[in-house]
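[1] have a look at this prediction, sequence included:
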Amino acid sequence: MTDVVQITVRSDADIILVRQQARMLAKELGFSSSDLTLIATALSELARNIVEYARQGEIVLSQIRQGSRRGITIIARDRGPGIADIERAMLDGYSTGKGLGLGLPGAKRLMDEFEITSSLGQGTTVKATKWAR
């Protein structure tokens with residue numbers, strides 16, 4: 001397995017593929033089965049947002065190492081409509097779609113590091129990292 005995997009996301013089938021790839025990368029790094037589930041869940045939320053709001057984007061999965069620490073970084077990027085108010089979008093219960101508004105804040109809670117940038121009409125990028133324990 002390579003240290004970096006890039007996958008175009010356009011459909012639910014791509015979301016499944018991204019989850020499988022992330023599990024393989026994280027398993028190689030020694031993540032526990034419960035952490036594998038957390039990573040897959042956060043990734044599903046990010047990939048689903050790409051499909052629902054931007055229709056197409058990409059997920060880049062990277063194994064990272066800092067000294068003895070091992071982790072996985074997810075970059076979810078699209079060129080969709082962007083998020084008008086990131087602060088509001090990060091509140092539980094806020095949704096511009098049909099969902100419960102738990103996607104982005106939920107993904108943030110599941111990961112150790114989380115940052116989001118977005119520009120209207122330009123798209124959104126989320127970078128999230130989980131460290132193995």
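    That came through fine.

[2] chain center to the worst-scoring helix or strand of the chain on mean pLDDT, what's the gap?
    Lowest mean confidence among the helices and strands of the chain (mean pLDDT, DSSP states H and E): helix 86-89, at a mean of 88. Between the centre of helix 86-89 and the centre of its chain there are 17 Å (CA atoms, centre = their mean, to the nearest Å).

[3] in that helix, what counts as buried?
    A89 (16 or more other CB atoms under 10 Å). Heads up, the C-betas are built off the backbone N, CA and C, glycines and all.

[4] and the helix or strand following it, which residues are buried?
    For helix 86-89, the following helix or strand on the C-terminal side (DSSP states H and E) is helix 103-110. Of all the residues in helix 103-110, those buried under the rule 16+ other CB under 10 Å are G103, L104, P105, G106, A107, K108, L110.

[5] helices or strands up against whatever helix or strand D35 lives in?
    Using DSSP H and E, D35 sits in helix 33-49. Counting contacts by 3 or more CB pairs under 8 Å, 6 or more residues apart in numbering; DSSP states H and E, helix 33-49 is packed against helix 12-28, strand 57-66, strand 69-78, helix 103-110, strand 123-131.
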